[in-house]
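*Asks:* the following block contains a protein sequence and its predicted model.
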Amino acid sequence: MLEKWPWSTWLANQGSVMVVVDPPVKPYVERLLHRIGAESKTVTVLERSISERDKTLDTVAALYRDFGEERVTRDTLVLAVGGGVLTDLTGYVAATYLRGLRWIAVPTTLLAQVDAAIGGKVAVNTEFGKNLVGAFHLPEIVAIDPVLLASLPIKEWRAGFGEVIKSAVIAGGTLYDRVRHNLEPLGKMTSGWASIIGETARLKAQIVQMDLYEQDQRMFLNFGHTAGHALENYFGYGTLSHGEAVGLGCLVALRLSEILLGLERRVREEVESWLLRWGLPVNTTEFDSTALINIMRQDKKARAFGLQWVLLKGIGSPVVVRNVDAAVVREALDVIVRR
Ligand SMILES: NC(=O)c1ccc[n+]([C@@H]2O[C@H](COP(=O)([O-])OP(=O)(O)OC[C@H]3O[C@@H](n4cnc5c(N)ncnc54)[C@H](O)[C@@H]3O)[C@@H](O)[C@H]2O)c1
Ligand SMILES: [Zn+2]
């Protein structure tokens, strides 16, 4: 809750602040600024609606101009309040303007709260692909307030839920149990969801702390993403949301884990029940599996390491497996074909 924000006192003691805010959450920022006594400080608020299509260097350049006009200096603190697109792009501006400014992320979508705003990866897209230009630039604070999600459309909850599933199976333990026993509908902010969000965010923060540059454990966060990214691309961006594609990708990775590592089938059945409970797809119309595997091979991470999968030996025990045979992948993909 806003009233409980321990870091607002810290914020109140900062010098000038440059806020970039997503329009749906502008009222929240106004309350926050009022609370920190912004009237007596140098605070600039830029309200910017930035879609995935505008997550480009042109939009970055426009923000550089705004920063120039507002006389941003090395002491200015940047506050990025919004979804993952806004935090990725504003974080990139903070990483590069004046060779790096301190910044705070206030993520306001489920995806951004459990994933995008945590871990210091900031980036924009180019015509050749997503997130190709970026940096590692950790925010000073990631302030997660689940109350913000009360206004989030259900479609955006679905977009983030794939990351919750992925995190629950790679972490196991209480997060897995919480997701399993939570019966609250998606889109209704409850204490059950707030705990799940908090734990998922903490898990990512812990993994990033161990492996910022994705040499080792951070790769586990790609669970469900090898097939997920390919499905998103194959069906066309916007047909399947990222979360829906990752949900399906988790089913494929779990099936592959059954074939290659002897994982019990009940894990996949459990995850399938979560997808059904929260209205995400568990299968798709027929697809060309050879074309899908070719898309996987084009992936920027696959190009560096050969086709690699994060698989599961058991709940909470992920492993990275390289050079998986295409015939086995095809067999695993069969599990999400609608019959
Ligand atoms: N940096 C990373 O590690 C990382 C990880 C995963 C994803 N990402 C990036 O995250 C981006 C996707 O982020 P996203 O799913 O948050 O999408 P988004 O930022 O496009 O937000 C979705 C929509 O929700 C609106 N919105 C935001 N907060 C709201 C609220 N509280 N109430 C109502 N509406 C609200 C936004 O204006 C937008 O229209 C992608 O660009 C992806 O590459 C980054
Ligand atoms: Zn993802």
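*Replies:* Thanks, I have the structure now. Ligands and ions are numbered 1, 2, ... in the order given.
*Asks:* from here on, just use CA atoms for contacts and neighbour counts.
*Replies:* Fine.
*Asks:* helix or strand for Arg178, just tell me which one.
*Replies:* Assigned by DSSP states H and E, Arg178 belongs to helix 173-181.
*Asks:* just checking, what packs against that helix?
*Replies:* Counting contacts by 3 or more Cα pairs under 8 Å, 6 or more residues apart in numbering; DSSP states H and E, helix 173-181 packs against helix 154-171, helix 191-210.
*Asks:* count of residues packed around Gly262?
*Replies:* By other Cα atoms under 10 Å, 13 other residues sit near Gly262.
*Asks:* state the distance from it to Leu175.
*Replies:* Counting by Cα to Cα, to the nearest Å, the separation of Gly262 from Leu175 is 23 Å.
*Asks:* now the residue in the stretch 151-300 of the chain that ligand 1 sits nearest to, what are its backbone angles?
*Replies:* Scanning the stretch 151-300 of the chain for the residue nearest ligand 1 gives Leu152, at 3.8 Å (criterion: Cα to the nearest ligand atom). Phi and psi for Leu152, reported as degrees, to the nearest 10, are phi -80, psi 130.
*Asks:* so it touches Met189, yeah?
*Replies:* No. Judged on Cα atoms under 8 Å, Leu152 makes no contact with Met189 at a distance of 9.6 Å.
*Asks:* what residue ranges in the stretch 1-150 of the chain score low on pLDDT?
*Replies:* Residues of the stretch 1-150 of the chain meeting the criterion pLDDT under 70: 1-4.
*Asks:* need the pLDDT of the residue nearest to Arg322 when sequence neighbours are not counted.
*Replies:* Distances taken as Cα to Cα, 6 or more residues apart in numbering place Gln308 nearest to Arg322, at 4.3 Å, with adjacent residues excluded. Here the pLDDT value assigned to Gln308 is 86.
*Asks:* also Gly160?
*Replies:* Looking at Gly160, its pLDDT reads 96.
*Asks:* got the contact list for Asn125?
*Replies:* For Asn125, the contact set (Cα atoms under 8 Å, 6 or more residues apart in numbering) comprises 55-57, 131-133.
*Asks:* so which residues of the stretch 1-150 of the chain form strands?
*Replies:* With DSSP state E, counting those that start in this stretch as the criterion, the stretch 1-150 of the chain has strands at 17-21, 43-47, 77-82, 103-107, 121-126, 129-136, 141-142.
*Asks:* packing partners of the third one?
*Replies:* Looking back up the chat, that one is strand 77-82. In terms of contacts (3+ Cα pairs under 8 Å, 6+ apart), strand 77-82 is packed against strand 17-21, helix 84-96, strand 103-107.
*Asks:* repeat for the last one
*Replies:* In terms of contact count using 3+ Cα pairs under 8 Å, 6+ apart, strand 141-142 is assigned the packing partners strand 103-107.
*Asks:* neighbouring strands for the strand it packs on, and are they parallel or not?
*Replies:* Neighbouring strands of strand 103-107 in its sheet, by DSSP bridges, are strand 77-82 (parallel), strand 141-142 (parallel).
*Asks:* can you list contacts of it?
*Replies:* For strand 103-107, the surrounding residues in contact (Cα under 8 Å, 6+ apart) are 77-84, 87, 91, 94, 113, 117, 138-145.
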